[in-house]
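The sequence and its predicted three-dimensional model are supplied below.
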There are 4 protein chains.
Amino acid sequence: MAITTGIVGAAGFAGIELVRLVLRHPDLNLVAVTSNELAGTPVAVEYPGFTGATDLTFITHDDPALETCDLVFLAVPHTAALSMAPALVARGATVIDLSADFRLKDAAVYEQWYNTPHTQSELLSRAAFGLPELFRADLTRVHASREAGEGVLVACAGCYPTATSLAAAPAVRGGQAAPDGVVVVDAVSGVTGAGKKASARTHFCFADENVEAYSVASHRHTPEIEQILGLQGRLVFTPHLAPLNRGLLSTVNIPLAPDAPLDAAVYVEHYRTFYEDSPFVQVLTAGSMPKTSSVVGTNNAHIGLAVNASARMLIAVCAIDNLGKGAAGQALQCANVVCGLPERRGFDAIAVPV
Amino acid sequence: MAITTGIVGAAGFAGIELVRLVLRHPDLNLVAVTSNELAGTPVAVEYPGFTGATDLTFITHDDPALETCDLVFLAVPHTAALSMAPALVARGATVIDLSADFRLKDAAVYEQWYNTPHTQSELLSRAAFGLPELFRADLTRVHASREAGEGVLVACAGCYPTATSLAAAPAVRGGQAAPDGVVVVDAVSGVTGAGKKASARTHFCFADENVEAYSVASHRHTPEIEQILGLQGRLVFTPHLAPLNRGLLSTVNIPLAPDAPLDAAVYVEHYRTFYEDSPFVQVLTAGSMPKTSSVVGTNNAHIGLAVNASARMLIAVCAIDNLGKGAAGQALQCANVVCGLPERRGFDAIAVPV
Amino acid sequence: MAITTGIVGAAGFAGIELVRLVLRHPDLNLVAVTSNELAGTPVAVEYPGFTGATDLTFITHDDPALETCDLVFLAVPHTAALSMAPALVARGATVIDLSADFRLKDAAVYEQWYNTPHTQSELLSRAAFGLPELFRADLTRVHASREAGEGVLVACAGCYPTATSLAAAPAVRGGQAAPDGVVVVDAVSGVTGAGKKASARTHFCFADENVEAYSVASHRHTPEIEQILGLQGRLVFTPHLAPLNRGLLSTVNIPLAPDAPLDAAVYVEHYRTFYEDSPFVQVLTAGSMPKTSSVVGTNNAHIGLAVNASARMLIAVCAIDNLGKGAAGQALQCANVVCGLPERRGFDAIAVPV
Amino acid sequence: MAITTGIVGAAGFAGIELVRLVLRHPDLNLVAVTSNELAGTPVAVEYPGFTGATDLTFITHDDPALETCDLVFLAVPHTAALSMAPALVARGATVIDLSADFRLKDAAVYEQWYNTPHTQSELLSRAAFGLPELFRADLTRVHASREAGEGVLVACAGCYPTATSLAAAPAVRGGQAAPDGVVVVDAVSGVTGAGKKASARTHFCFADENVEAYSVASHRHTPEIEQILGLQGRLVFTPHLAPLNRGLLSTVNIPLAPDAPLDAAVYVEHYRTFYEDSPFVQVLTAGSMPKTSSVVGTNNAHIGLAVNASARMLIAVCAIDNLGKGAAGQALQCANVVCGLPERRGFDAIAVPV
């Protein structure tokens, strides 16, 4: 029987991608899509690609229709999830949060980077971290709670942390990474990553034909990556913006331990074993590097590996769709796991080829 | 039971989009994808978006695997279909041809515009024209032949003729168009329309940040549009190239008959009635105009309508994905109709929203 | 001796392009660049391409520095020029207005299309129309007034009217155009044409990978084109937006008179003669069509010509930079003419080639 | 008196940008532009942006016109310069080589990375390295030789080495960089960097909406950067391709020495002092990061600086136009220096602002 589903903040870029994915999902029944700003506007008017495919209309965040939902996605800015999630969980809903509010396990770190108090430390401690390939046991735990009739919360990983951690985790967890080396991450995102708000940054004429770094040494995804990989104080993360809609490429430079191998093929083998039960991750053959265009519209992550032997550095490159595996896709994948559905249910396996 | 399916010329842009669509189709079983140039190369190596989704490898056009196919798509250059289709039809296959070889009913017109003899006039006379919204009876006829066990051939409409004819046909067939007026069509296509061959035209650095008209007063889709709409000698068609991958917009200027109405809303109503049994066509409300991005990756066609009263001109604008409704999608839709499957089977209804 | 120059509304896209052009101009001395919104901000902070090239800082529109300027460009929204121009002209300044406020010679037409009263009919009657290739005598007239010490006003033509009129005027004025034919214009602009204001229209993620028509049968440049070409009620003008920064292509379909020739080469010859004293206009050889990328950053206009003989239609295609010949370049060209400087002074002749 | 100038390989992207720059240069007289492939084709036919600006026609590499040139630019693939430069220098010409043939001072390193013998070790030892900001004395030396009537050779730095070295050199030479730290460079280039040859890599439909890393741990600019900065074996360099025409951004991660300061403002001050006599380099204020769009069409380099204190890493980001300061602009700048002209002669200081 279909799971009654709502999406809060459905008019933003991650939200509307979730609308698309949930509408296609055979086991979910989307009944509520909220946007305080666009309440009353049909989805197909704001996003004409939905014309003929749905009659759903945006409603306000406090519309009673949301109360009927067993599964609720929160695609809202940080602090908004902090205020919404507790009541939803309390009434027994399964809440999948795409915001940053419950990602950082240490509330003090959250407060330092987001400049706002974290008011829900108890719920924070119960939330699962939504990055199934690296924290599957955590999701299994909340699946069991859900089966027991409890409300549950999943805090999905951010876009840069997802791509970066998928690229680095096998080497870090496998002990090939130098235990005190500094990991340098340079990542590039398409402009959907900057959100729907019209601004100088997202203006076509400033984004087009331009590449730039931003939030250098100060991006909020830094502590999240450090937490996932255990790299506190040893991470240099620089995000960049490039003129494309979707796509995120993270180039991760991992200093190798003195006894680590220097043959890229060894790492390909290791990574493939590491991800053998992760259907969305593809480790490319040595010598191949991923393209963001190969994963657009999907929940896939493609990883390429190379070694610079003289500098003893593993270069691991991961491509995802920032709105797919980096946001809406990951949220749906987490929902599948927590609801006991097959992990790939509702997903397209193939990107539009050109 | 699944229909055994082959795609000839599967490595080109229309071909590979067909591969994607057929792999997702619940009633088709793709067993042969051919490319003489790439024979031996896995599909996922040439198009890495297929990684993990298929093990298919390109084979040559004359590989015996093609012989087992009941349904064969020809995504080959013109003249190649002319030489391949007869044997396939003769052995009883259902052939869906994406090339121009069997579109023009008058072989002399073909010979004039394509500078090559048409050697298959008998087969030409039996071929159905593949534009279901406007020639459904023709497809129903070959469906019956197929049911009777015969080989059949469908000549799918080209990309510009599809968008242009969907925009113009209701007014032309409905008598609102002036009977001797000249219809002016200015259309814009994304660069996938120029094909996979690397050339100065398709070089990123020449296509990017540029718009230009090409083949002015000489494009081969001119006689095809004239044939569909009955506009011989009364069509001015100018195609343009713009810097996007997929998407085709045709702006069609239709002089109105002396007694035709001048209210856009009347045309919206008329067009909606005209297309009420055509699930892929959406006629927008008066005042709305279609965006190509709203149909990318789908088989949908969006139509917007306006009237210039003083010049007595109906402006009908149609947006399609040139590789979707303009090529691979249309071919699959025709295959659905000819094979007796629901017209929408295997299609996504919703474009990626941003 | 350098002419003291000011630019009002210098922070918008046309305004900042003027800043660039005036700073390079050997005979102009730029002393005032105004923007009420950005007053106090250095030009090089808002537009970092100016770093190291100028210390100018935006000032308010009413800053006294403007009073010292002999030459004042108005790059402000319509109605703002209406209120600013009179005092400037009255104090003897040479005013080059890029807005629409003084373009339409019939104040009633202005009031109908812009929904606001035209309060300056006397000044309107004295203003020259700023499209030197077609109205050079008008500019010569105000040059004489300026020489006589009077304040003068030039109302520069808009972007679409400029490209469209340059493409059509030789055939219309030469009598080859059918005297009562309807001229169909489909034009495409880059996103700078939509202005600097961040909005859904100018958001990268909505403009990228998209082509659409807008303001169909209702764009305000319609009466301006009709006025320039004498086409009242016989013009169908449809603008489109494409994903590029700069560039405007106008495809103009001109029905030919019964006795007009049908050979494109004849029109090439005629157009070249027509423009032989216009250094910025290049008429391409028959068979060649202009690219917008060939004129970006310049004041050039490239024109290509073809004939559809059966439909008796001349297709004239003109490419300009919408911020160059379509706005700032044209304004500077007009200033050169009115100030008695060589027409090409201060201009680059060559676009960046790729 | 103007210097008679020739460009060998003038039809490629660096070559044609040089044609543009040299045509605008007040002290150079361009008489020979060669392209074996396009000999006989007017420049303005291949690159229509030159229409009306030059009558030059491509000639073959061995055309006698080249013999008359005092100043010769070689914009040819590697190995071609190796065979052409000696005779030109021998006859007394000033040769500015944009290829890689004379950049690596150790012929063995060249032979290892380029897989071809270096046949001109004597000339190699006399060549100056063309990166004026870092090797001005070397260019002054060949200027003196030229004054003495000798033929001279300048080997211009490559695009990635230029941006990377400008970003790193002040910290490396100033001693703030850790003496044995590994420098990680992630750089992004526009597609003009991949050259004019039409290929899968440069096809619009594969480059558009895509970011990818390439030549990971194997790019030929690696030894060049190592040589410039003295980083043998301590450099990890990963180039990326993004969907824009021009622009190159290099993000350089420099581990800091134990006693180095951790305040970005200190580095801004240091860098500004370092570059105070370098008119093309702009060091941005702390907190600002460069945009590639700010330098397109110019010879400028913009540098932004930040420090990650916990990881003790200086992040230096440099933006250039890969065809400007990364190729043609740098070559012209070197020519100015070697010929005794002002360094900025012939250059535009301001990029097109949007």
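In hand now; what should we look at? The structure presented is a predicted model; accordingly, all values stated were derived computationally and were not measured.

Now do the same contact list for A:Pro255.
A:177-178, A:181-183, A:312-314, D:182 (C-beta atoms under 8 Å, 6 or more residues apart in numbering or on different chains). Every C-beta, even on glycine, is put in place using the N, C-alpha and C of the backbone.

Got a ChimeraX select line for the buried ones in the residues you listed?
A single ChimeraX command suffices to select whichever of those are buried according to 16 or more other C-beta atoms under 10 Å in any protein chain shown:
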select /A:177,178,181,182,183,312,313,314 /D:182
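
Just the contacts of A:Pro255: which are in strands?
Taking DSSP state E, the ones among the contacts of A:Pro255 that sit in strands are A:183, A:313-314.

What residue, apart from its backbone neighbours, is nearest A:Asn210 spatially?
D:Ser293 (3.8 Å; C-beta to C-beta, 6 or more residues apart in numbering or on different chains).

Now do the contacts for that neighbour.
Contact analysis of D:Ser293 by C-beta under 8 Å, 6+ apart lists A:206, A:209-210, C:49, D:247, D:351, D:354.

Chain B: which of those residues is nearest?
Chain B has its nearest neighbour among the contacts of D:Ser293 in A:Glu209, at 6.8 Å by C-beta to the nearest C-beta.

secondary structure class for the residue nearest to that closest one when sequence neighbours are not counted?
Here the nearest residue to A:Glu209 in space, its sequence neighbours aside, is D:Leu244; by C-beta to C-beta, 6+ apart that works out to 4.6 Å. State at D:Leu244, reduced to three classes by DSSP: H, G, I helix; E, B strand; the rest coil: coil.

Am I right that D:Leu244 is in contact with D:Gly190?
Yes - using C-beta atoms under 8 Å, D:Leu244 makes contact with D:Gly190 at a distance of 4.2 Å.

tell me, what's touching those two both at once?
Shared contacts of D:Leu244 and D:Gly190, counting by C-beta under 8 Å, 6+ apart, come down to A:209, A:211, D:292.

Throw the residues you listed into CSV and include pLDDT, thanks.
CSV is the format used below for the shared contacts of D:Leu244 and D:Gly190 (pLDDT from 0 to 100):
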residue, pLDDT
A:Glu209, 98
A:Val211, 98
D:Thr292, 98
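
hmm, which of those residues are the buried ones?
Of the shared contacts of D:Leu244 and D:Gly190, these count as buried by 16+ other C-beta under 10 Å: A:209, A:211, D:292.

and which of the residues you listed is nearest chain C?
Nearest member of these to chain C, counting by C-beta to the nearest C-beta, is A:Glu209, at 6.3 Å.

who in the stretch 201-350 of chain A is up against chain C?
A:202-205, A:207-209, A:243-245 (C-beta under 8 Å from any C-beta of the partner chain).

Tell me the one of the residues you listed nearest D:Val142?
A:Glu209 (35.8 Å; C-beta to C-beta).

Is it correct that the closest one is in contact with D:Lys291?
No - A:Glu209 lies out of contact with D:Lys291 (C-beta under 8 Å); the separation is 9.8 Å.

wait, is A:Asn336 part of a strand?
No - A:Asn336 is assigned helix when assessed by three-state DSSP, not a strand.

so what's the residue in the stretch 101-250 of chain A positioned nearest to chain C up against?
The stretch 101-250 of chain A approaches chain C most closely through A:Ala198 (3.7 Å), counting by C-beta to the nearest C-beta. Counting by C-beta under 8 Å, 6+ apart, A:Ala198 makes contact with C:198-200, C:202-203.

how many other residues sit next to A:Thr4?
Taking other C-beta atoms under 10 Å in any protein chain shown as the criterion, the count of residues near A:Thr4 is 17.

okay but it is in contact with A:Glu67, surely?
No - using C-beta under 8 Å, A:Thr4 makes no contact with A:Glu67, being 10.2 Å away.

Say whether chain C is contacted by stretch A:69-88.
No - counting by C-beta under 8 Å from any C-beta, no contacts exist between stretch A:69-88 and chain C, the nearest distance being 15.8 Å.

follow-up on the earlier one: okay, the shared contacts of D:Leu244 and D:Gly190 in JSON lines with distance to C:Glu147 next?
Formatted as JSON lines, the shared contacts of D:Leu244 and D:Gly190 follow (distance: C-beta to C-beta, whole Å):
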{"residue": "A:Glu209", "distance to C:Glu147": "43"}
{"residue": "A:Val211", "distance to C:Glu147": "50"}
{"residue": "D:Thr292", "distance to C:Glu147": "46"}
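
ok, of the residues you listed, which one's closest to C:Val281?
The closest of those, once distances to C:Val281 are taken by C-beta to C-beta, is A:Glu209, at 27.0 Å.

re earlier: would CSV of the residues of the stretch 201-350 of chain A next to chain C with distance to A:Arg103 be doable?
Formatted as CSV, those follow (distance: C-beta to C-beta, whole Å):
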residue, distance to A:Arg103
A:Thr202, 24
A:His203, 29
A:Phe204, 31
A:Cys205, 34
A:Ala207, 27
A:Asp208, 32
A:Glu209, 34
A:Pro243, 28
A:Leu244, 26
A:Asn245, 25
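
Give me the nearest residue to A:Arg201, chain neighbours excluded.
Nearest to A:Arg201 is A:Ala194, by C-beta to C-beta, 6+ apart, at 5.4 Å.

number of nearby residues for the one you found?
Neighbour tally, A:Ala194, other C-beta under 10 Å: 19.

ok, now which ones touch it?
So A:Ala194 contacts A:201-202, A:241 (C-beta under 8 Å, 6+ apart).

Any figure for the gap between it and B:Pro132?
According to C-beta to C-beta, to the nearest Å, A:Ala194 stands 41 Å off from B:Pro132.

Likewise for A:Ala144?
Relative to B:Pro132, and taking C-beta to C-beta, A:Ala144 is found at 51 Å.

mind listing which of the contacts of D:Ser293 are in helices?
Counting by DSSP state H, the contacts of D:Ser293 place A:Phe206 in helices.

Now for the contacts of D:Ser293, which sits with the most neighbours around it?
D:Gly247 leads these on contacts (other C-beta under 10 Å) with 30 neighbours.

quick one: the helices in the stretch 201-350 of chain A?
Listed in chain order, the helices of the stretch 201-350 of chain A (DSSP state H, counting those that start in this stretch) span A:204-207, A:221-229, A:264-274, A:329-338.

who wins for proximity to chain D among the ones you listed?
helix A:204-207 (4.6 Å).

Pull the closest one out as CSV, backbone CA atoms only.
C-alpha atoms of helix A:204-207 as CSV (Å, rounded to 0.1, in the frame of the first residue of the first chain):
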residue,chain,number,x,y,z
PHE,A,204,22.8,34.2,-15.9
CYS,A,205,25.1,37.0,-17.0
PHE,A,206,27.4,36.7,-14.0
ALA,A,207,27.4,32.9,-13.9
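
can you tell if it touches chain B?
No - applying C-beta under 8 Å from any C-beta, one finds helix A:204-207 separated from chain B by no less than 11.5 Å.

how far does that helix sit from the chain's center?
Relative to its chain's centre, helix A:204-207 lies at 25 Å (C-alpha atoms, centre = their mean, to the nearest Å).

Likewise for stretch A:328-342?
On the basis of C-alpha atoms, centre = their mean, stretch A:328-342 sits 12 Å off its chain's mean C-alpha point.

Please apply the same query to stretch A:40-57.
When C-alpha coordinates are averaged (C-alpha atoms, centre = their mean), stretch A:40-57 and its chain have centres 25 Å apart.

same question for it, mean pLDDT?
On average, the pLDDT along stretch A:40-57 is 97.

Any residue of that stretch touching chain B?
Yes - on the criterion C-beta under 8 Å from any C-beta, stretch A:40-57 is in touch with chain B at A:47-54.

So which of these wins on neighbours?
A:Gly49 (25 neighbours).

Setting aside sequence neighbours, what's the nearest residue to A:Cys159?
A:Gly326 (3.1 Å).

residues touching the one you found, list them.
Per C-beta under 8 Å, 6+ apart, neighbours of A:Gly326: A:158-160, A:162-163, A:193, A:248, A:320.
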